[in-house]
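Asks: When you get a sec, could you give me coordinates for this:
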Amino acid sequence: MTDTATRARDGHGATVPTDDDLRLLDAHWRSANYLSVGQIYLLDNPLLREPLTPDHVKARLLGHWGTTPGLNLVYTHLNRVIRERDLDMIFVCGPGHGGPAVVAQTYLEGTYSEVYPRVGRDEEGLRRLFRQFSFPGGVPSHASPETPGSIHEGGELGYSLSHAFGA
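Replies: Presented below is the predicted three-dimensional model:
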């Protein structure tokens, strides 16, 4: 991304993303969405190296896609603002079944694999990331304290608002 000191600013003093910035943000958002979909649906073949078969798809789907793209969009753009303004902030996720988005984002930034080295940043790590979602002994379908950066047990907007207010 371009040096923020030399970039155009809007009427509120914020920098305006360049076309390159927007391409990178879009690529990040799409990557996070792919990782989120993989957690919900895929049991195997995480990089789609072969055509999907029923054996690659989880037998029981838990959670849902609905809230995920929006959470990924907000998280992706918050990362840009945090870097640009050197902010010290946290992302509090309230929607139930929003866990795949937060896990995907922390996996992309590398934090997830630092906390859980068994879920590495390779094909086998992706397979483990996808298999553990909403599975006994795995991770829940909502943001939880086990999710890097999360301070609460998510799934309820009210709880999340009270935690955000207290944070």
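Asks: What segments of this structure are strands?
Replies: Listed in chain order, the chain contains no strands at all (DSSP state E).
Asks: Quick one: the helices in it, in order.
Replies: Read by DSSP state H, the chain holds these helices, from start to end of the chain: 19-41, 68-85, 99-109, 111-115, 123-132, 157-166.
Asks: Nearest approach to Lys58 belongs to which of those?
Replies: For those, the distance to Lys58 is smallest for helix 19-41, at 6.2 Å, taking Cβ to Cβ. All C-beta spots, glycine's among them, are computed from the backbone N, C-alpha and C.
Asks: Where does pLDDT dip in this structure?
Replies: Within the chain, the stretches with pLDDT under 70 are 1-13, 95, 151-152, 154-160, 162-167.
Asks: Name the residue closest to the centre of this protein, please.
Replies: Centroid check for the chain by Cα atoms, centre = their mean gives Gln105 as the closest residue, at 2.7 Å.
Asks: quick one on the thing from earlier: which of the helices of the chain is buried the deepest?
Replies: Greatest average neighbour count among the helices of the chain goes to helix 99-109 (a mean of 25), per mean count of other Cβ atoms under 10 Å.
Asks: Let me know the angle separating that one from helix 123-132.
Replies: Counting by axes from the mean of the first three to the mean of the last three Cα atoms, to 10 degrees, helix 99-109 points 160 degrees away from the direction of helix 123-132.
Asks: Can you tell me the closest non-neighbouring residue to the residue nearest to the centre of the chain?
Replies: Tyr75 (4.7 Å; Cβ to Cβ, 6 or more residues apart in numbering).
Asks: give me the number of residues near Val119?
Replies: Counted by other Cβ atoms under 10 Å, the residues lying close to Val119 total 21.
Asks: pretty sure it contacts Arg131?
Replies: No. The pair formed by Val119 and Arg131 falls short of the contact definition of Cβ atoms under 8 Å, at 9.8 Å.
Asks: Show me the common contact partners of those two, please.
Replies: Overlap of the contact sets of Val119 and Arg131 (by Cβ atoms under 8 Å, 6 or more residues apart in numbering) is empty.
Asks: ok, back up a step: so who does the residue nearest to the centre of the chain touch?
Replies: By Cβ under 8 Å, 6+ apart, the residues touching Gln105 are Ala32, Asn72, Tyr75, Thr76, Asn79.
Asks: will you turn these into a markdown table that also has distance to Glu50?
Replies: Compiled in a markdown table, those are given as follows (distance: Cβ to Cβ, whole Å):
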| residue | distance to Glu50 |
| --- | --- |
| Ala32 | 24 |
| Asn72 | 26 |
| Tyr75 | 31 |
| Thr76 | 29 |
| Asn79 | 33 |
